[in-house]
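Peer 1: how would this look folded up:
(one chain, ligands or ions: 4)
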Amino acid sequence: MSIDLHTHSTASDGTLSPTELIKLANDSGLDAIAITDHDTFQGVPEALEAGKKFGIEVIPGCEMSLESPVGAGWMHVVGLWLPPKSEELQTAFDWVLEGRKTRNHEIVKKLRSLGISITYDAVAARAKGTLGRPHFAQELVSLGVVSSVNEAFKVWLGDNGRAYVPKRKLQPKQALGILKNIGATAILAHPFALGLNYTQIEELVRELMDDGLDGIEVYYSEHDDAATKGFLEIAQRLGLLISGGSDFHGDVKPSISLGKGKGGLHVPTELLDIMKEDRRSKGLPV
Ligand code: AMP
Ligand code: FE
Ligand code: FE
Ligand code: ZN
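Peer 2: Numbering: from 1, shown residues only. Ligands and ions are numbered 1, 2, ... in the order given. Here you go, the predicted structure:
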């Protein structure tokens, strides 16, 4: 009885279409899955349709990158139960996507100045939705510049890579405010990625709660037992909802399986029931 509340499709940088993703979730025996593409809800209608077809519960979601405090790593938030339409969220996505466009051209420029004959069009052709670094990584593999996506991030695209370009991000207050306004449930994704100690994370999470954060992703592919326990304790202490997901991306992250992460991930279905209960108590749809 398990679920996966953090997954990507071709609407952003995953390699399975929303339909394929939902089919895989059903074939994997999951009770429910959230589709949470980066900076878009473009894949949601198709995913919901596929959910009906295969008879599996699909939660419409997204993942947003937030401006993180100085010294911290990446801060991402997963929004669950997005409404079918939201101009406010669309406007925020448009602003972020515009920044991505500029950034993607800058990455091409940097790579070319470093002697790699990569073109924007070739990278863009790899994306059906949000164009991001994983598409660059795949192109670098196919050009023979690197032998794996992982190496592409390590040498070229990652935060310490030779062609790294930062991306435009929303302020936490702004993103959480929007998610609150549209009645979504806001979850701090992969808290380990903040690169902070537990005390610092707890302090940060308290601040984010003031801005509308509802829960944290305790169960995650990259969290070992100690990390899971640490984040679980924070969630329990602060009375937060507990979420979990694999961050499945398909072939660009071959080591991550849907629902199972690196093999040991198990996100109990009960967590979803608790989230729904919380939403019902607030008069929000589930
Ligand atoms: P972007 O949003 O364009 O900055 O790209 C970030 C995406 O790259 C996220 O989905 C990450 O999961 C992915 N990513 C980061 N590092 C790696 C890696 N070493 N291998 C594969 N994907 C990665
Ligand atoms: Fe991604
Ligand atoms: Fe993320
Ligand atoms: Zn993700």
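Peer 1: Please determine how far residue 93 is located from residue 99.
Peer 2: 11 Å (CB to CB, to the nearest Å). Glycine gets a C-beta too; all of them are placed from N, C-alpha and C.
Peer 1: Compare neighbour counts for these two and give me the winner.
Peer 2: Neighbour count, other CB atoms under 10 Å: between residue 93 and residue 99, residue 93 has more, with 22 against 16.
Peer 1: Does that one touch residue 40 like I think?
Peer 2: Yes. The pair residue 93 / residue 40 is scored as a contact, 5.8 Å apart, by CB atoms under 8 Å.
Peer 1: Show me the common contact partners of these two, please.
Peer 2: Common neighbours of residue 93 and residue 40, using CB atoms under 8 Å, 6 or more residues apart in numbering, are residue 62.
Peer 1: tell me which parts of the stretch 51-200 of the chain are close to ligand 3?
Peer 2: By CB under 5 Å from the ion, the part of the stretch 51-200 of the chain that sits against ligand 3 consists of 76, 189.
Peer 1: Can you show me the strands along the stretch 51-200 of the chain?
Peer 2: Ranges of strands within the stretch 51-200 of the chain are 57-66, 75-80, 185-188, based on DSSP state E, counting those that start in this stretch.
Peer 1: What residues sit buried inside the shortest one?
Peer 2: By that I understand strand 185-188. 185, 186, 187, 188 (16 or more other CB atoms under 10 Å).
Peer 1: In this protein, which residue is most central in space?
Peer 2: residue 63 (4.2 Å; CA atoms, centre = their mean).
Peer 1: Just list whatever residues bridge to it.
Peer 2: When bridges are called by DSSP bridges, residue 63 pairs up with residue 38, residue 78.
Peer 1: circling back to that earlier point, any idea which of the buried residues of strand 185-188 is the one closest to residue 157?
Peer 2: Minimum distance to residue 157 across the buried residues of strand 185-188 is 24.2 Å, recorded for residue 188 (CB to CB).
Peer 1: Model confidence at that closest one, what's the number?
Peer 2: Confidence at residue 188, expressed as pLDDT, is 98.
Peer 1: ok, now residue 74?
Peer 2: Residue 74 is assigned 95 on the pLDDT scale.
Peer 1: which ones are touching it?
Peer 2: 65, 68, 193, 194.
Peer 1: Could you export these as TSV, including neighbour count and distance to ligand 1?
Peer 2: Formatted as TSV, those follow (neighbours: other CB atoms under 10 Å; distance: CB to the nearest ligand atom, whole Å):
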residue	neighbour count	distance to ligand 1
65	20	6
68	18	13
193	17	9
194	20	15
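Peer 1: which of these lies closest to residue 135?
Peer 2: Each of those was scored against residue 135 by CB to CB, and residue 65 proved nearest at 16.0 Å.
Peer 1: Surely the closest one touches residue 78?
Peer 2: No. If you go by CB under 8 Å, residue 65 and residue 78 don't touch, sitting 11.1 Å apart.
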